[in-house]
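In: show me the folded form of this:
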Amino acid sequence: MVACLQAPEDSVQQPNSTRSELPGVALELDGAAFEWNAPAPLAFVTLWCSGEDPSLDLCLRVQATRPRSDGEGWEQLDAWCDPREALAPDECGSARLERLAERFGPLRDDLEGAGEDIWRDLAAFLAGHTVISPERQLFEGFAALLGGGFDAVPEGIGLNDITALFFPGCLTGRSAQLTAELATERERFSEAAITPLDLREALTCLAARFARLDDSGLALASSVWLAAWSRLTAGDSLSSTALKHCLQVLNHPSPWAAGSHAGELKDGRFARSALNLEDLPALLDDLAPRWTSDALTWQGLEPLPPDRDGPLPFHPDDAALSDLVFREFLPSHFGAQDKTTNQALYRGGQHEVAREVAQTIGSSGEAETQLLLVHAPTGTGKTLAYLVPALLWARRHEVRVGVATCTRALQEQAMNHEIPRALDAFRGAGLEPDLRVTVLKGRQNYLCWRALKLHLPGDEAPGEDWLAYAQLLIFSLTDPAGDLDRLPLRPPLATDQARPFIRALRDLVRHVRAQSSCCRSRDDRNSCAAEVTRWRAERSHLVITNHSFALARQDFFRHVIFDECEHLHDQTHAAWSHNLDLGEVGNWIERLEQPGPGRRRGLFRRIEKRLVSGTKSALVLDRARAARERLDVTREELVSQVEEFLRWRANAGRERSERDEHSLLREFAESHAGANLLAARARFYQAGSELDGLLTELAERLSSVAGQRLARLRRSLDIARTDLCQWLESVAAWIPLQEGQATFSPLTFHDVQTTPRGQVKLEARVLLPHEFLGRFYFPSLATATCLSATTWIKGGFDAAKAYTGLERAVTPMEDEERLPCSLRTFRAPEVFDYSRVLVAVPRDAPAASGNKDTFLAFVRDFLVKLCERTGGRTLVLFTNADDVKRVGARLEGHFRARKMPFWYQNMEGSSKEKLSELFRNQRDSILMGVDTFWYGADFPGETLEYLVMVRLPYGVPDRYHYAQCAALGSTEQRRQIYMPKALAKFRQGFGRLMRRVSDHGCVFMLDQRVLEPRHRVFLKELPIQSETDADSNLARLVRGNTDYCLQQAMEHMGLDKSAAKQT
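Out: As a prediction, the model looks like this:
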């Protein structure tokens, strides 16, 4: 073992004592006394590991620090160990050792035999201390797995626990990098090479940020946390213990605070702030959430219009500035980052895209809508290409411009990375940009402060409810936007049972989401995150939003830039379609009267408890209860009649082709057999409308009575009405009735589906989304730019123009009273050298469209052969979630036994965001996924070198598909919708491999249909050498059996012969 005990650390605030002089007991809560004074001094521990999974990863170094017994400084344990001793006898362990070398440099020569007593010495060093580590689970995992010297893993918390508790927003989920990001006072040779002193400084920085809350905010937070702790002690010892440690540590920072922020912290603030629960409502009324801090500044600005009258050209000065930005300042910026020459980083394609965007947006004022369709291959830098001209034009004319993306990740990338780069470039060019930019989403994405105040838990509420409330409260006090997408829906601390907390948090989030007209008074609107964000957006030059918002709020933008525009088709379908799960309606009806304690009691029962029998309000409640009963009866009748239709459809389907089944609901509803179905649908709508009216009347009567509990009930009534109105709108769209007869729309697909749980689902779906886009949406704009890396399909723009509706926008029908839109196209050049890519198709793969078990068995065997040769670095793209689960369950044990990190989508306990983070951070790992990983997943460098595409991404023909064929004709449906969607997805999947100029790798296509003439159109979409012309910048295609394909791949990647020949 290489270890030493060191002298006190320099440049650190030294504690006068290892124990607090503050009172030991702050409050007596439900018989549980909370001791603010930590019973044990703190020790800080950091591990240098190859990854985050103790069962797979290796440990190289253990460092720990603790206060000296005399209170004068700190002493340190620093121990190295030989990670090779943890390797299995038959394991070379090169991948795991390489991960260590990547993080911490080459292994030292003197490590042989080191680490024999490391965990025993660490256990002795930590005895009697509460342990702080960067990630609690990682430390406990290694201590339990390797720590033979521990009788029991010592109690402690992680910096990730404290972050999740004190900043449950943007900082949560960045645990792997958080210590390095917060501790910046010393240079490190590696982000992973953190020390206990770094950990102390990071914790100090985090505590100092939280300590900037005013006394009222701190008092409220302390009181709510204590209420949660007192109730968790009886049922969730893990959470209560972790919560106690977090509060004790932050309440008494003087013994451990280090770095420049240490002077900002004071002992005892938490203990002195805690209040009794009856004082909390008044304190809540006096507080304002974080997002209101600059609301008055924004309100003082004039809103910007979405357009102005007359021509709004792109000014020559702005054009010259844009050229300067792209020719000089952006190359300089990226050159400083990449240490390369400016000339090498000038992107001509990016510059040309920017000029095209400027020309389009500068054509505003023309009589017809100006449209631009751009093909910007991966690596073009399209985000900056449209942001720079859009910002300059909006600033010049004081007009609001919208940028719509398809995912939250792209919105965050644009706002957090690309906007700052653009602004820095403007400053470098001599322009001090007085530009305002805002991210805007739909109203229900934001938290309503008024609603949160109303839902303060009652005395009888369990600990999970109080902890959930604490999460949302702290989120409101620390998050600048109140965007609920940033709130993790998982326990912030270790817990005995996660489900009760998750259920409580989801329920609370549902009740505090902003609703339409949820805040009527000025004060309430000033504190509602949805209102504040809307004010900012109305006054911003550039608004970054999602496709759905841009489509739904046609009044908000007249100039829109659509990034990843191939998703517009599906987003239009989602935004304008209706579906109704009758099982969900039944659950809602039942919840209105369900028994139970506190907020779990049904809404009608809670209202009844607050009303005096015989009053007008009580009589309205009685009528609402009767209407609820009628709605339940009519729902059962509707379910019965829908099931009768399903039986009729099954019988009729035996005599029909599958292509003709799409029209059976129309036929049934318009025939004599459908009379009972139409009557049941009418009675359900009538009963629901009656209940809606009574809920409205009841809410109005409760509004006349003051009191927080009644205000909370009114809020619950508003949410119930919102759900009910959406369902009534959906059932009305499902079968539109006029004088009792069905009046189906030719633009809508009407259907009935059965959910996997056997529930009945009613659907009214936009039949031709591209028709809606081209006929109604694009003509309502002044300008629109559509960009993607997949708009050049089948050798031209025609497929993308049809799929996105642009083709329809430029060709109005005779009965449309509008001018044709004007459309230009631009294709940027390819950026990457695709000779760095090998494409392989194993000819011995079974037919993907044949026996599924046989094909999936081949997929499993192929992945084993590939990944054991390559050591991971592999992304596997499936088209079916069930296939992922079946293959993943079979391979999980195999790869874990070989110490290879392996994950698959929807595996227990992992979100897609977490899987992406794990795969990105573990270079030699394997990840299997479906749709979300075909699009937008960014894994540059050595993280991803092998891409496996299991099947061609054809859509599965269903009744909706055949209804489109009936409306357009099969040939046109295939041209306009089916093939553009499949080819765009295929090209997007292929694009996951090459994300930077320096990337290289191999793509394996296991669906050998791609070689057949009918399906070879997919290969034509890829930059592959032709058989007659070996273009030096294009990928090479190899075909053969599996062993041949793998051998060619290993040679292409420069792996040694043993890997190439491995069987």
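In: retrieve the pLDDT associated with residue 69.
Out: Residue 69 is assigned 86 on the pLDDT scale.
In: now the residue at the greatest distance from the centre of the chain: which helix or strand?
Out: Residue farthest from the centre of the chain, counting by C-alpha atoms, centre = their mean, is residue 614 at 50.1 Å. Assigned by DSSP states H and E, residue 614 belongs to no helix or strand.
In: just the pLDDT for it.
Out: For residue 614, the model assigns a pLDDT of 87.
In: spit out the contact partners of it.
Out: Residues near residue 614 by C-beta atoms under 8 Å, 6 or more residues apart in numbering: none. To be clear about C-beta, it is placed using only N, CA and C from the backbone, and glycine gets the same treatment.
In: now it: how far from residue 700?
Out: According to C-beta to C-beta, to the nearest Å, residue 614 and residue 700 sit 19 Å apart.
In: now do residue 946
Out: Relative to residue 700, and taking C-beta to C-beta, residue 946 is found at 63 Å.
In: give the residue from those two that has the larger number of neighbours.
Out: residue 946 (24 against 13; other C-beta atoms under 10 Å).
In: now do the more buried one, the pLDDT please.
Out: Reported pLDDT for residue 946: 97.
In: excluding sequence neighbours, find me the nearest residue to it.
Out: Among residues not flanking residue 946 along the chain, residue 874 sits closest, at 4.3 Å (C-beta to C-beta, 6 or more residues apart in numbering).
In: repeat for residue 524
Out: residue 450 (4.5 Å).
In: what about the one you found, how many neighbours?
Out: 19.
In: that one against residue 520, yeah?
Out: No - applying C-beta atoms under 8 Å, one finds residue 450 not in contact with residue 520, separated by 9.5 Å.
In: picking that back up, the residue nearest to residue 946 touches residue 927, doesn't it?
Out: Yes - counting by C-beta under 8 Å, residue 874 does reach residue 927; the two are 7.4 Å apart.
In: thought residue 960 was touching residue 751?
Out: Yes - counting by C-beta under 8 Å, residue 960 touches residue 751, with 7.1 Å between them.
In: out of those two, which sits in the busier spot?
Out: residue 751 (23 against 17).
In: tell me who's in contact with residue 873.
Out: By C-beta under 8 Å, 6+ apart, the contact set of residue 873 is 923-925, 942-946, 1001.
In: 10 Å instead, please
Out: Listed by C-beta atoms under 10 Å, 6 or more residues apart in numbering, the contact set of residue 873 reads 95, 867, 919, 922-927, 939, 941-947, 1001, 1053.
In: can you check residue 381 too?
Out: Listed by C-beta under 10 Å, 6+ apart, the contact set of residue 381 reads 326, 330, 334, 345, 347, 349-351, 353-354, 418, 421, 828, 831.
In: any idea how far it lies from residue 387?
Out: In terms of C-beta to C-beta, residue 381 sits 10 Å off from residue 387.
In: common neighbours of those two, please.
Out: 354, 418, 421.
In: next, count neighbours for the first one.
Out: Residues contacting residue 354 under the criterion other C-beta under 10 Å number 26.
In: thought it was touching residue 362?
Out: No - Residue 354 lies out of contact with residue 362 (C-beta atoms under 10 Å); the separation is 12.0 Å.
In: identify the contacts common to those two.
Out: 319, 389.
In: can you dump the C-alpha coordinates of whichever helix or strand residue 246 is part of into PDB?
Out: Using DSSP H and E, residue 246 falls within helix 237-251. C-alpha atoms of helix 237-251 as PDB (Å, rounded to 0.1, in the frame of the first residue of the first chain):
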ATOM      1  CA  SER A 237     -35.300   5.600   8.000                       C
ATOM      2  CA  LEU A 238     -33.000   6.000   5.000                       C
ATOM      3  CA  SER A 239     -34.600   9.200   3.900                       C
ATOM      4  CA  SER A 240     -34.900  10.700   7.400                       C
ATOM      5  CA  THR A 241     -31.300   9.900   8.200                       C
ATOM      6  CA  ALA A 242     -30.000  11.400   5.000                       C
ATOM      7  CA  LEU A 243     -32.200  14.500   5.400                       C
ATOM      8  CA  LYS A 244     -30.900  14.900   9.000                       C
ATOM      9  CA  HIS A 245     -27.300  14.700   7.900                       C
ATOM     10  CA  CYS A 246     -27.800  17.300   5.100                       C
ATOM     11  CA  LEU A 247     -29.400  19.800   7.500                       C
ATOM     12  CA  GLN A 248     -26.900  19.300  10.200                       C
ATOM     13  CA  VAL A 249     -23.900  19.700   7.800                       C
ATOM     14  CA  LEU A 250     -25.300  22.900   6.200                       C
ATOM     15  CA  ASN A 251     -26.400  24.300   9.600                       C
END
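In: and whatever helix or strand comes next after it, average pLDDT?
Out: Per DSSP H and E, the first helix or strand lying C-terminal to helix 237-251 is helix 269-273. If you average the pLDDT over helix 269-273, you get 84.
In: can you check stretch 224-239 too?
Out: Rounded mean pLDDT across stretch 224-239 is 89.
In: may I see the buried residues of stretch 226-235?
Out: By 16 or more other C-beta atoms under 10 Å, the buried positions in stretch 226-235 come out as 226-233.
In: pull the CA atoms of it into CSV?
Out: What follows is stretch 226-235, C-alpha atoms only, in CSV (Å, rounded to 0.1, in the frame of the first residue of the first chain):
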residue,chain,number,x,y,z
LEU,A,226,-38.2,19.5,9.5
ALA,A,227,-41.8,18.6,9.0
ALA,A,228,-40.8,16.0,6.4
TRP,A,229,-38.1,14.6,8.6
SER,A,230,-40.3,14.2,11.7
ARG,A,231,-42.8,12.2,9.6
LEU,A,232,-40.3,10.1,7.7
THR,A,233,-38.6,8.9,10.9
ALA,A,234,-41.3,6.3,11.5
GLY,A,235,-41.6,4.9,8.0
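In: begin at 27 from now on, thanks
Out: Got it, first residue is 27 now, which makes that one stretch 252-261.
In: right, I'll call it a day here.
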